[in-house]
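**Q** Using only what follows, build the 3D model:
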Amino acid sequence: MTLANSVDGQQPITGSVPAGARAYTLGATALPLVVEPTEDGIVLAQWNTANREWVEAQLLVHGGVLFRNFNLPSPADFERSAKAIYGELFGDYGDLPKNAAGEKIYESTPYPADQMILYHNESSHLPAWPQKISFHCVTPAQKGGCTPVFDTRRALEVIDPAVLAEVRAKGLMYVRNFSKGVDPSWEAFFHTSDQKTVEQMCTDAGSEFEWTAGGGLRVINRSPGIVKHPKTLEELFFNQVQIHHIYCVDEDTREGLRALFDEQDLPRNVYFGDGSPIPDETMEHLGQAFEQIAVRFKWQKGDMIMLDNMLVTHARDTFEGPRHIVVAMGNMINATDLPA
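**A** Model (predicted):
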């Protein structure tokens, strides 16, 4: 794990940087690339529009670009800055609450401050996902609250080859049960109370589904777990195995869920693609491997980090005090569009 937060560790990048900005990395890690203005009055949305190709190229190299000390006084300014690169934002995401200050931006996951949100590539368990995701710091936490990231290319270097071989051979199967009082209801997630509409949405998305007792819904999605990037053709450890596996929730919650639900009815779980369980020991190993390559930077008010959602996975540390992070997603991609 690298805590990349020391100004003394700034390493200027080689190559040209567009006018009005400088770029550097934090210490020895290439992730993230930090971009700061060198002139007063630069509007990030306009700068991004003028330098979109350069930003896109840096994302493919570094995986993430941290825009720091630009004038981003509101979530609406963040939305415009993200849209300048994305072109169009994804505004139909059922897992996060919308941010009232923008049109297609969201609040970060409402999860207890004393629990870590584990590593995941956004929507990688689904047949379609955002190619890019951005986070904007409105209010940094008083303590903790980092958004740890790691490069999914590097993950393949530190994960046990036997684990990688099993994922390649079997893929992954994600099971999500929408039950009353647990997570968003299926009505909230799909933005409809009509079962036929939900069935059609699942079919269109390539998801398996079944209605369960008590008006619940079970949705099953399958993915390779390891894929190739559509532009760089590099192999990536691209999944949500850690935030879905029952082993990865805290012990009290795990015991409580198992007391309430049978195995097949757990709110979320993940298996190998053939339905066989992923051993707890494997999950323990993955957690250690992820932290070995994770990078942390301290949020500053007004920061915006843009990630290639396939090259970089993200998490959220525990924190104390108020913390407000806003999210934007865009450039949706379908699993059927990936290179073999």
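**Q** Thr282 and Phe238, how far apart?
**A** Thr282 sits 17 Å away from Phe238, going by C-beta to C-beta, to the nearest Å. For glycine as for every other residue, the C-beta is placed from the backbone atoms N, C-alpha and C.
**Q** These two: which has the busier surroundings?
**A** Between Thr282 and Phe238, counted using other C-beta atoms under 10 Å, Phe238 has the larger neighbour count: 24 against 20.
**Q** Now do the contacts for the more buried one.
**A** Going by C-beta atoms under 8 Å, 6 or more residues apart in numbering, Phe238 touches Asn121, Ser124, Thr152, Gly225, Ile226, Val227, Met310.
**Q** try 10 Å this time
**A** 120-121, 124-125, 129, 152, 155, 223-229, 309-311, 313, 338 (C-beta atoms under 10 Å, 6 or more residues apart in numbering).
**Q** Next SSE downstream of the top helix by length along the chain?
**A** As assigned by DSSP state H, the longest helix anywhere in the chain is helix 280-293. The helix or strand immediately downstream of helix 280-293 is strand 295-296, counting by DSSP states H and E.
**Q** So what are the sheet partners of the helix or strand that that next one is followed by and their directions?
**A** Sequence order places strand 304-308 as the next helix or strand after strand 295-296, per DSSP H and E. With DSSP bridges as the test, strand 304-308 is paired with strand 64-67 (antiparallel), strand 128-139 (antiparallel).
**Q** Show me where the stretch 101-250 of the chain has its strands.
**A** 106-107, 117-120, 128-139, 143-144, 149-151, 172-178, 208-212, 216-223, 226-228, 235-237 (DSSP state E, counting those that start in this stretch).
**Q** among these, which is nearest Ala57?
**A** Judged by C-beta to C-beta, the one of the strands of the stretch 101-250 of the chain that comes nearest to Ala57 is strand 128-139, at 13.5 Å.
**Q** buried stuff in the closest one?
**A** Trp129, Pro130, Gln131, Lys132, Ile133, Ser134, Phe135, His136, Cys137, Val138 (16 or more other C-beta atoms under 10 Å).
**Q** Go ahead and build a ChimeraX selection from the buried members of the contacts of Phe238.
**A** Entered in ChimeraX, the line below selects the buried ones among the contacts of Phe238, by 16+ other C-beta under 10 Å:
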select :120,121,124,125,129,152,155,223,224,225,226,227,228,229,309,310,311,313
